[in-house]
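J.: Dropping a prediction and its sequence here:
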Amino acid sequence: MALELYRIDDRLIHGQVVVGWGQPLDVQFLVLVDDEVAASEWEQELYRMGVPPEMEVFFESVASAVGRLPEFQADARIGILLTGDIDTMRRLVTESGRIRAINLGGVHHKPGRIQRLRYIFLSREEEKVLQALAAEGIAVSAQDVPAARPLPLEDVLNGEGNR
């Protein structure tokens, strides 16, 4: 069991995560890794409102998540770990050495980003970070919902999902 999905989604906790992924995977806990949210009680309360009462939520900074990752990975329940951006996930992967696969779930439009899929927009720097992670043996794929076919990073960068 334990952490079934390590997802980058700039919306963090929202319906697609809670219902779209949570129900099919029978998720019982979420780990939201974000330094700012981990330090803000009112933001945590906002995110808690989007989660059913039977689903536990942990708010962690990158540093605290690195320390607790073995605990979350050993949990008998099924969980999802979320970051809101690629750099936060990169830091978590690099500092923990315990993450082997990353799901790109929602990286939306911002200036300087190029559309790769309908739900993935990446800057050149973000592409380089993801390529470096993949070169280190991390499986990087994009998948918006569980029923969709996961697209490997190479296909994402080539725009294969848009054809």
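T.: Great, that's in hand. All values reported here derive from a predicted model rather than from experimental measurement.

J.: So which residues of this protein form strands?
T.: 2-9, 29-33, 56-60, 78-83, 101-106, 114-117, 120-122, 139-142, 151-152 (DSSP state E).

J.: who does the fourth one pair up with?
T.: In the sheet containing strand 78-83, its partner strands are strand 2-9 (parallel), strand 29-33 (parallel), by DSSP bridges.

J.: And the contacts of it?
T.: Contact with strand 78-83 is made by 1-9, 12-13, 17, 21-22, 25-34, 65, 72, 89, 92, as judged by C-beta atoms under 8 Å, 6 or more residues apart in numbering. To be clear about C-beta, it is placed using only N, CA and C from the backbone, and glycine gets the same treatment.

J.: which outside residues touch the least confident helix or strand in the chain by mean pLDDT?
T.: Across the helices and strands of the chain, mean pLDDT, DSSP states H and E gives its lowest value to helix 15, namely a mean of 83. The contact list for helix 15 (C-beta under 8 Å, 6+ apart) reads residue 50.

J.: tally of neighbours for the spatially closest residue to residue 65 that is not a sequence neighbour?
T.: Using C-beta to C-beta, 6 or more residues apart in numbering and skipping residues adjacent in sequence, the residue nearest residue 65 is residue 33, 4.5 Å away. By other C-beta atoms under 10 Å, 27 other residues sit near residue 33.

J.: Could I get the contacting residues of residue 33?
T.: Counting by C-beta under 8 Å, 6+ apart, residue 33 has contacts 60, 61, 62, 65, 81, 82, 83, 88, 89, 92.

J.: Deepest in the core, which of the strands paired with strand 78-83 is it.
T.: strand 29-33 (a mean of 24; mean count of other C-beta atoms under 10 Å).

J.: quick one, that strand and strand 56-60 angle?
T.: Put simply, strand 29-33 runs at 20 degrees to strand 56-60, going by axes from the mean of the first three to the mean of the last three C-alpha atoms, to 10 degrees.

J.: beta partners for the nearest residue to residue 104 once chain neighbours are set aside?
T.: In space, residue 104 comes closest to residue 142 once its chain neighbours are excluded; the distance is 4.1 Å by C-beta to C-beta, 6+ apart. Counting by DSSP bridges, residue 142 is bridged to residue 104, residue 151.
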